[in-house]
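Enquirer: sequence-free structure coming up:
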């Protein structure tokens, strides 16, 4: 294995135009409005590891996932997959690269075509990428269904005949059908019950060991992320505020937002602890606060936070974007 | 076999649900969604009700407040609110109990508030419906309550419409609305599920504090064991419309007795454990038309034995404040194990 990371993302930025229609803008004398879903996001994912992005709603995690698989075009920034730049407008050249990564979506009720049989759903990528042909396709579909814990006979059924957890298994089988190296998992278990979630998370780990997969896991659930990831990136209003080794993020959070999130999560093992009251809510992303976007909620805020966007700095556990880290005023206790 | 929680106690519980059965008649036969559910809520207690989707948590709440969606109906059992039977009350009488004696907080704050009325109008209407006070007095109470649930500048913001508030603030308004007639019981059905984690903790704290202050009991319905762990005094675990286990929250989480509860707890990833694999319960909860004979959990149970496949276990009093519906804890089973 080479040392180049499988995926490199640099300066990834995406704006959405959320302006009112032209006539309204003229009459009401308003400017165009933009929502910044992701701003200058940088990270790397090594082969065979699970990198997780966590954040609350509106933090831009799904937008980043969609940019990586090409469902949304970046406004700025670069995505390198195995050293090659991904440019989705170059159809033919991208096709080869495209086979090597796949995506699993949140809602298995919406991501499977209800009018297709499960066999056709899983066979589509096999046909599209010409991985097998003729009778081999059916054999491959049967094998994939068994890999994800269903039976080959299920290929004849329709998605509505399955429960949520089984549908997510079908979605995973479809993702595996093009023999990818990299899978983007966008909230793969948040629509599922906990006991089913455990089955799917265990399956994802088994598949990672068996096929040497690399995952980008998007989730709002810190305990899921803790269980699955090697490294974790924490997003707040479209910016990566901290990135650290999974274990150390939980024991030595560097950014005040990460600390706040850890304090806020209700957890089985930590019941009875006295939570620090967390104040405020995520601000409107159309008019984010100046400087560090977390400053109105930050318990450690100082003047500079209101004026300058903090740069990303190296920390003992990874990287974080906070002015206080520079002055090392924030002790890790 | 002892009937659950019917020891002659010195105090009658605030809410007592006995052998509640809820059925849905369909063209293909009657589906039994709740099957002999029994539990009590004591004065000032927070009872958590957990279970996976379809286990019957929300249905239990709906049956208590008399808001079952037709064709669903109560087909058996009794519900008592402080010594008064409420499951067979006429509509009009039930309407007076809802809001007055039982307050409600639902999952989505946007749908539980009327978008066309200001928060003041909705609060004052509710207060005046249930209590004999003047408009000015009702408004004063409403402002005080909004202030108490943590809405900044309550006196000014009370005249705003629901859409002026953020999700967390809206849920605070809903909590104020649920508490404005000083109910004895607050039924909170997934009150934080629609909110972000950082806001979720604030809302749970407010709900818990304000109910404790007023001595109101809470029935907290949620699928999130973490929320239960931090909020409830006791917890009832539902499976396929039946109570699997009831007990003090710490005991149930740390030393579950029912195999289903044990599996459920093991399947939840936590922030501190680092097990390579989560405990996995094979299969999924049965559909209502295919609930197995005997114990509903028997096809998935790692400790299943013959009796589980034929006889349904009742809640067995474990004499430590816990009740478990599992044959493993039956005196006959335990005798065999000892021999």
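Expert: Perfect, I can see it now. Note that the structure is predicted; figures quoted are calculated from it, not measured.
Enquirer: from now on I want contacts and neighbour counts done on CA atoms only, so please keep to that.
Expert: Will do.
Enquirer: please name the nearest non-neighbouring residue to residue A:207.
Expert: residue A:213 (7.2 Å; Cα to Cα, 6 or more residues apart in numbering or on different chains).
Enquirer: apologies, that question was intended for residue A:66.
Expert: Using Cα to Cα, 6+ apart, the closest residue to residue A:66 is residue A:72 (5.4 Å).
Enquirer: ditto for residue B:276
Expert: residue A:227 is the one closest to residue B:276 (Cα to Cα, 6+ apart), at 7.8 Å.
Enquirer: ok, now which ones touch the most centrally placed residue in chain A?
Expert: In chain A, the residue lying closest to the centroid (Cα atoms, centre = their mean) is residue A:218, at 2.8 Å. Applying Cα atoms under 8 Å, 6 or more residues apart in numbering or on different chains to residue A:218 gives the contacts A:52-54, A:61-62, A:65, A:184-188.
Enquirer: for the residue nearest to residue B:276, which residues are in contact?
Expert: B:269-271, B:274-276 are the contacts of residue A:227 under Cα under 8 Å, 6+ apart.
Enquirer: can you say which of those are buried?
Expert: Buried subset of those (neighbour count, 16 or more other Cα atoms under 10 Å in any protein chain shown): B:269-271.
Enquirer: which of those come close to chain A?
Expert: For chain A, the contacts drawn from those by Cα under 8 Å from any Cα of the partner chain are B:269-271.
Enquirer: between those, which is nearest residue B:311?
Expert: residue B:269 (33.4 Å; Cα to Cα).
Enquirer: can you give me the pLDDT of the closest one?
Expert: pLDDT for residue B:269: 86.
Enquirer: repeat for the one 10 residues further on
Expert: We have a pLDDT of 86 for residue B:279.
Enquirer: same question, residue B:304
Expert: 93.
Enquirer: so how far is residue B:253 from residue B:48?
Expert: 12 Å (Cα to Cα, to the nearest Å).
Enquirer: next: residue A:123.
Expert: 44 Å.
Enquirer: which of those two has more neighbours?
Expert: Per other Cα atoms under 10 Å in any protein chain shown, whichever of residue A:123 and residue B:253 has more neighbours is residue A:123, with 25 against 22.
Enquirer: so which strand or helix has the residue of chain B found nearest chain A?
Expert: Closest approach between chain B and chain A, counting by Cα to the nearest Cα: residue B:226, at 4.4 Å. According to DSSP states H and E, residue B:226 maps onto helix B:225-231.
Enquirer: partners of the very next helix or strand once past that helix, with directions?
Expert: Under the assignment DSSP H and E, the closest C-terminal helix or strand after helix B:225-231 is strand B:234-239. Applying DSSP bridges, strand B:234-239 is found paired with strand B:46-50 (parallel), strand B:242-248 (antiparallel).
Enquirer: give me the contact list for strand B:234-239.
Expert: B:39, B:45-52, B:55-57, B:228, B:243-249, B:252, B:261, B:285, B:296-297.
Enquirer: now the helices: where do they sit in chain B?
Expert: B:57-64, B:91-97, B:109-112, B:119-130, B:135-148, B:154-157, B:167-179, B:197-214, B:225-231, B:249-254, B:259-266, B:306-310, B:331-338 (DSSP state H).
Enquirer: what residues does chain B put near chain A?
Expert: B:52-53, B:168, B:196-202, B:223, B:225-227, B:229-230, B:253, B:263-264, B:267-272, B:274-282, B:284.
Enquirer: separate out the buried members of the residues you listed.
Expert: Here, 16+ other Cα under 10 Å leaves B:52-53, B:168, B:196-202, B:223, B:225-227, B:229-230, B:253, B:263-264, B:267-272, B:277-281, B:284 buried among these.
Enquirer: so what's residue A:259 scoring on pLDDT?
Expert: For residue A:259, pLDDT reads 89.
Enquirer: can you tell me the closest non-neighbouring residue to residue B:120?
Expert: residue B:158 (5.0 Å).
Enquirer: return the backbone torsion pair for the one you found.
Expert: phi -60, psi -20 (degrees, to the nearest 10).
Enquirer: any regions of the stretch 201-333 of chain A where pLDDT drops low?
Expert: A:269-278, A:327-333 (pLDDT under 70).
Enquirer: that one: helices as residue ranges?
Expert: A:222-228, A:246-251, A:256-264, A:303-307, A:323-326 (DSSP state H, counting those that start in this stretch).
Enquirer: so of those, which one's packed in deepest?
Expert: Highest mean neighbour count among the helices of the stretch 201-333 of chain A (mean count of other Cα atoms under 10 Å in any protein chain shown): helix A:222-228, with a mean of 22.
Enquirer: and residue A:195, how far is that from residue B:268?
Expert: Counting by Cα to Cα - residue A:195 and residue B:268 are separated by 7 Å.
Enquirer: for the stretch 1-150 of chain A, which residue gets nearest to chain B?
Expert: Counting by Cα to the nearest Cα, the stretch 1-150 of chain A gets nearest chain B through residue A:56, at 5.9 Å.
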